[in-house]
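quick one: sequence and predicted model below, then my questions.
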Amino acid sequence: MSTLTDKKINRAKKVWFTEEMLYVLLEDGREIGAPIEWFPKLRQASKEQLTNWRLNGGGIGIHWESLDEDLSVNGLLN
(Lines give C-alpha, C1' and ligand atoms only; values in the text may rest on other atoms or scores of the structure.)
Protein backbone atom coordinates (compact mmCIF):
# COMPACT_ATOMS: atom_id res chain seq x y z
CA MET A 1 0.00 0.00 0.00
CA SER A 2 1.34 3.40 -0.88
CA THR A 3 0.77 6.60 1.03
CA LEU A 4 1.42 10.25 0.34
CA THR A 5 4.67 9.97 2.28
CA ASP A 6 5.85 7.26 -0.13
CA LYS A 7 5.77 9.68 -3.06
CA LYS A 8 9.19 10.98 -4.07
CA ILE A 9 9.62 14.72 -3.85
CA ASN A 10 11.39 15.97 -6.96
CA ARG A 11 13.09 19.35 -6.74
CA ALA A 12 14.20 21.79 -9.41
CA LYS A 13 17.56 23.57 -9.45
CA LYS A 14 17.37 25.52 -12.70
CA VAL A 15 14.83 26.59 -15.32
CA TRP A 16 15.50 27.71 -18.91
CA PHE A 17 13.71 28.12 -22.21
CA THR A 18 14.12 27.76 -25.94
CA GLU A 19 11.59 29.25 -28.35
CA GLU A 20 9.38 26.18 -28.05
CA MET A 21 10.34 24.40 -24.83
CA LEU A 22 10.51 24.83 -21.06
CA TYR A 23 13.39 22.88 -19.45
CA VAL A 24 14.00 22.08 -15.81
CA LEU A 25 17.14 20.65 -14.22
CA LEU A 26 16.30 18.50 -11.21
CA GLU A 27 18.46 18.08 -8.11
CA ASP A 28 19.12 14.44 -9.05
CA GLY A 29 20.65 15.52 -12.39
CA ARG A 30 17.72 14.74 -14.68
CA GLU A 31 16.65 17.32 -17.22
CA ILE A 32 13.00 17.43 -18.21
CA GLY A 33 11.32 19.41 -20.94
CA ALA A 34 7.79 20.32 -21.93
CA PRO A 35 6.43 22.33 -24.85
CA ILE A 36 5.63 25.92 -23.89
CA GLU A 37 2.47 25.42 -25.96
CA TRP A 38 1.07 23.37 -23.04
CA PHE A 39 1.06 26.44 -20.77
CA PRO A 40 -1.03 29.35 -22.13
CA LYS A 41 0.41 31.97 -19.75
CA LEU A 42 3.98 30.99 -20.61
CA ARG A 43 3.18 30.81 -24.32
CA GLN A 44 1.96 34.42 -24.30
CA ALA A 45 4.76 35.76 -22.08
CA SER A 46 7.68 37.93 -23.16
CA LYS A 47 11.24 36.64 -22.84
CA GLU A 48 11.73 38.97 -19.90
CA GLN A 49 8.66 37.55 -18.14
CA LEU A 50 9.76 33.96 -18.81
CA THR A 51 13.16 34.51 -17.25
CA ASN A 52 11.68 36.18 -14.16
CA TRP A 53 10.94 32.96 -12.27
CA ARG A 54 11.74 31.72 -8.78
CA LEU A 55 11.70 28.32 -7.14
CA ASN A 56 9.26 27.87 -4.30
CA GLY A 57 8.94 25.24 -1.61
CA GLY A 58 12.63 24.41 -1.80
CA GLY A 59 12.37 23.65 -5.51
CA ILE A 60 9.13 21.66 -5.59
CA GLY A 61 7.53 24.39 -7.69
CA ILE A 62 8.30 27.20 -10.11
CA HIS A 63 6.60 30.59 -9.81
CA TRP A 64 6.31 33.51 -12.23
CA GLU A 65 5.08 36.51 -10.22
CA SER A 66 4.35 38.77 -13.21
CA LEU A 67 2.36 36.00 -14.93
CA ASP A 68 0.59 34.71 -11.80
CA GLU A 69 1.67 31.21 -12.86
CA ASP A 70 2.85 28.26 -10.79
CA LEU A 71 4.00 24.84 -11.94
CA SER A 72 4.90 21.89 -9.76
CA VAL A 73 7.89 19.73 -10.63
CA ASN A 74 5.94 16.53 -9.93
CA GLY A 75 3.15 17.82 -12.17
CA LEU A 76 5.64 18.30 -15.00
CA LEU A 77 6.88 14.76 -14.51
CA ASN A 78 3.35 13.36 -14.66
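Happy to help now that I have it.

W64 and W38, how far apart?
15 Å (C-beta to C-beta, to the nearest Å). Placement of C-beta: from N, CA and C, glycine included.

again, but for L77
Taken as C-beta to C-beta, the span from L77 to W38 is 13 Å.

follow-up on the earlier one: looking only at neighbour counts, state which of W64 and W38 leads.
Using other C-beta atoms under 10 Å as the criterion, W64 and W38 rank with W64 on top: 20 against 12.

so what's that one closest to, chain neighbours aside?
In space, W64 comes closest to W53 once its chain neighbours are excluded; the distance is 5.2 Å by C-beta to C-beta, 6 or more residues apart in numbering.

likewise for L42?
Excluding the flanking residues, the one nearest L42 by C-beta to C-beta, 6+ apart is I36, at 5.1 Å.

tell me the contacts of that neighbour?
Shown in contact with I36 (C-beta atoms under 8 Å, 6 or more residues apart in numbering): F17, E20, M21, L22, L42, R43.

what do you get for L50?
Contacts of L50 (C-beta under 8 Å, 6+ apart): F17, L42, W64.

tell me, how many residues neighbour the closest residue to I9 other than its chain neighbours?
Of all residues not flanking I9 in the chain, I60 sits nearest, at 6.2 Å (C-beta to C-beta, 6+ apart). Residues contacting I60 under the criterion other C-beta under 10 Å number 15.

can you pull up the bridge partners for L26?
In this structure, L26 bridges to A12 when assessed by DSSP bridges.
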